[in-house]
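> no FASTA, just this:
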């Protein structure tokens, strides 16, 4: 029924997905996932878990990954707005340690696919945001991993000027990529 538009980033596999949105005076309709449409665009993944989080302005979650049973994530913001980031952690990748980001909002309806082997994070730009994830693997807390959100070797350009950042204690203490790179299995 509805086609999607996929825009590649400078990092192989990390893509921006724009669904077709059909609207009129009553509201709108869109498909957020259609296996056939995704496969036509070369996105052949199987999702097995859906998650949702709600956060207030300035909350920064990330940068997270799983050391084993890595998760690919199709993410979108259904209320408010976030700046979303994926960081390539795949050994041997020509873009290892590089990042790409995109604003996701209820208004723009843009989605972001972060493949397995990436760290992921976002910061809330609006008063609050509801964030949805479709994941290719189950959450495995025993393999939970992360890197510092402001790692200078990665250099993510977070649009946080004027925001009072709120990070979990865990995210405040995440290691730098250079300190864990030899432990990654991607």
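Perfect, I can see it now. Here the structure is a predicted model, which means the values were calculated and not measured.
> When you work out contacts or count neighbours from here on, use the C-alpha atoms and nothing else.
Fine.
> Could you give the bridge partners of residue 51?
Applying DSSP bridges to residue 51 gives these bridge partners: residue 133.
> correction: residue 79
Under the criterion used (DSSP bridges), residue 79 bridges to residue 130.
> burial of residue 155, as a residue count?
12 (other C-alpha atoms under 10 Å).
> Need the per-residue pLDDT for it.
Residue 155 is assigned 98 on the pLDDT scale.
> Then residue 134?
pLDDT at residue 134 comes out at 98.
> Could you check how many residues crowd around it?
20.
> isn't it right next to residue 47, touching?
Yes: using C-alpha atoms under 8 Å, residue 134 makes contact with residue 47 at a distance of 6.0 Å.
> Where do the strands of the chain begin and end?
Along the chain, counting by DSSP state E, strands occupy 4-8, 15-19, 21-24, 27-30, 49-56, 60-66, 73-79, 81-88, 99-105, 111-114, 118-124, 128-135, 144-146.
> Kindly reformat those strands as CSV containing distance to residue 173.
As requested, these are arranged in CSV below (distance: least, C-alpha to C-alpha, whole Å):
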stretch, distance to residue 173
strand 4-8, 32
strand 15-19, 29
strand 21-24, 41
strand 27-30, 39
strand 49-56, 20
strand 60-66, 11
strand 73-79, 24
strand 81-88, 18
strand 99-105, 20
strand 111-114, 23
strand 118-124, 15
strand 128-135, 23
strand 144-146, 9
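> closest to residue 172 out of these?
Among the strands of the chain, the nearest to residue 172 by C-alpha to C-alpha is strand 60-66 (9.5 Å).
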